[in-house]
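K.L.:
Quick one, structure for this:
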Amino acid sequence: MGRWRPPTSQSSPYITAEGYQALQAELRGLWERRAEVTRHLAAAAVEGDRSENAEYIYRKKELREIDRRIRYLQKRLPLLKVIARTPADMERVYFGAWVTLEAEDGSTTVYRIVGADETRDGENYLSVDSPLARQLLKKSPGEALMVKTARMTRRYLLMDIGYQPPPAKAG
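P.N.:
Residues are numbered from 1 along each chain as shown. I've put the predicted structure just below:
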C-alpha cells in the first residue's frame, strides 16, 4: 500500500506557452525513458530470484516514479490554460511579466510570474500562487509592497515591469 499524502491545494491552471511546451516535451521524454526502463526491468526479471535482485527492485521503483509523473502530466496538461499574449496594459504586473524588485537592503532581483507547474530551482520564476506574486499583480512601477509569510515580513519596491526577458548581464 502506498503512503498516504494529504491533498494539495489546487494550483492555478495558468501556464506560459514556453512552460506548456516544456511539459509536453517532458511527457514525451518520460514515455521514451519508460520504454528503456521496461527493457531493463524485463532483463533483470529473467535473472532469477526477484526478492534479492537489486537491479529488478531498482527498476520497479524507477518505473513507478515515471508512471506517477506520466499520470500527473496526462491529467494536468488538459486542464492548463496557456496565456500566450501580452496584456493590453503593459504598465501593470500581470501573468508572464518580468519584474524587477528592490528589497529593503537595496538588493535587486528579477522574477518572472509563471504558473505553478513552471517553477524550477535555479531560475527566478515565481509561482502566480505565491504570496509575493499575489501582492505584485496589478501593481505599477514605483509602488511599494509588503509581503507577510508565516516566518517574516518583507518590503519591496517594484522597479520595472517587462513582458520580454531582460537582457542577459555580461560577465
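
K.L.:
Which positions within stretch 26-38 qualify as buried?
P.N.:
Counting neighbours by 16 or more other CB atoms under 10 Å, one finds that the buried residues in stretch 26-38 are Leu27, Leu30, Arg34, Val37. Quick note: C-beta positions are derived from backbone N, CA and C, even for glycine.

K.L.:
Pull the distance from that stretch to the chain's centre.
P.N.:
Offset of stretch 26-38 from its chain centre (CA atoms, centre = their mean, to the nearest Å): 20 Å.

K.L.:
show me what contacts the residue in the chain sticking out farthest from the centre?
P.N.:
Note on the chain: the largest separation between a C-alpha and the mean C-alpha position, by CA atoms, centre = their mean, falls on Gly48 (41.2 Å). Counting by CB atoms under 8 Å, 6 or more residues apart in numbering, Gly48 makes contact with nothing.

K.L.:
Give me the three-state assignment for it.
P.N.:
Using DSSP: H, G, I helix; E, B strand; the rest coil, the three-state assignment for Gly48 comes out as coil.

K.L.:
Partner strands of the longest strand along the chain and their direction?
P.N.:
Residue-count comparison of every strand in the chain, with assignments taken from DSSP state E, identifies strand 153-162 as the longest. Strand partners for strand 153-162, identified by DSSP bridges, are recorded as strand 98-103 (antiparallel), strand 144-148 (antiparallel).

K.L.:
Flag whichever of those has the least confidence on average.
P.N.:
Of all the strands paired with strand 153-162, the minimum mean pLDDT falls on strand 144-148 (a mean of 91).

K.L.:
Give me the contact list for it.
P.N.:
When contacts are defined by CB under 8 Å, 6+ apart, strand 144-148 is touched by residues Pro131, Leu132, Gln135, Leu136, Lys139, Thr153, Arg154, Arg155, Tyr156, Leu157, Leu158.
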